[in-house]
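1. Pasting a predicted model and its sequence here:
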Amino acid sequence: MLDYVIPVCLVFMGMALSLTVARLIKGPDMPDRILALDTLYINAIALLVLFGIWLSSDLYFEAALLIAVMGFIGTVAVTKYLLRGDIIE
């Protein structure tokens, strides 16, 4: 059963990733683009975890963890820049 469900979920996550990229490019203002960037890395994490389950590999879970940490730091840095105009005080 899992052999059929995971490829379907991979296709849906790929579509979600492409829609998020469209929002990132088209976003009317900067907060929408920041939210799209945040959603983009969450979708990438889900895609990597699904792919890791499909291939039964632990390497993809470690890559997903690294993307999660870097995505969080990137979101904090961009919002701090928008609020204060400087990242490092």
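-> Right, received. Where do you want to start?
2. Run through this structure and note the low-pLDDT ranges.
-> 89 (pLDDT under 70).
3. List the residues that contact the spatially most central residue of it.
-> By Cα atoms, centre = their mean, the chain has its centre lying nearest to residue 41, at 1.3 Å. Contacts for residue 41 (Cβ atoms under 8 Å, 6 or more residues apart in numbering) come out as 67-68, 70-71, 74. Where you see a C-beta, it was placed from the backbone N, CA and C, and this is true even at glycine.
4. Which of the helices or strands spans it?
-> Residue 41 belongs to helix 30-55 when assigned by DSSP states H and E.
5. What of residue 21?
-> Counting by DSSP H and E, residue 21 is part of helix 2-26.
6. what comes up buried for that helix?
-> Within helix 2-26, the residues scored as buried using 16 or more other Cβ atoms under 10 Å are 10, 13, 16-17, 20, 23-24.
7. ok, now stretch 56-69?
-> Result for stretch 56-69 [16+ other Cβ under 10 Å]: buried residues 60, 63-64, 67.
8. and of those residues, the nearest to residue 46?
-> residue 64 (8.3 Å; Cβ to Cβ).
9. Next one: the closest one relative to residue 42, how far apart?
-> To residue 42, residue 64 is 10 Å away according to Cβ to Cβ, to the nearest Å.
10. burial measure for the closest residue in space to residue 82 that isn't next to it in sequence, as a count.
-> Of all residues not flanking residue 82 in the chain, residue 30 sits nearest, at 6.3 Å (Cβ to Cβ, 6 or more residues apart in numbering). For residue 30, the neighbour count with other Cβ atoms under 10 Å is 11.
11. my guess is residue 30 contacts residue 81, does it?
-> No: at 10.0 Å, residue 30 and residue 81 do not qualify as touching, with contact defined as Cβ atoms under 8 Å.
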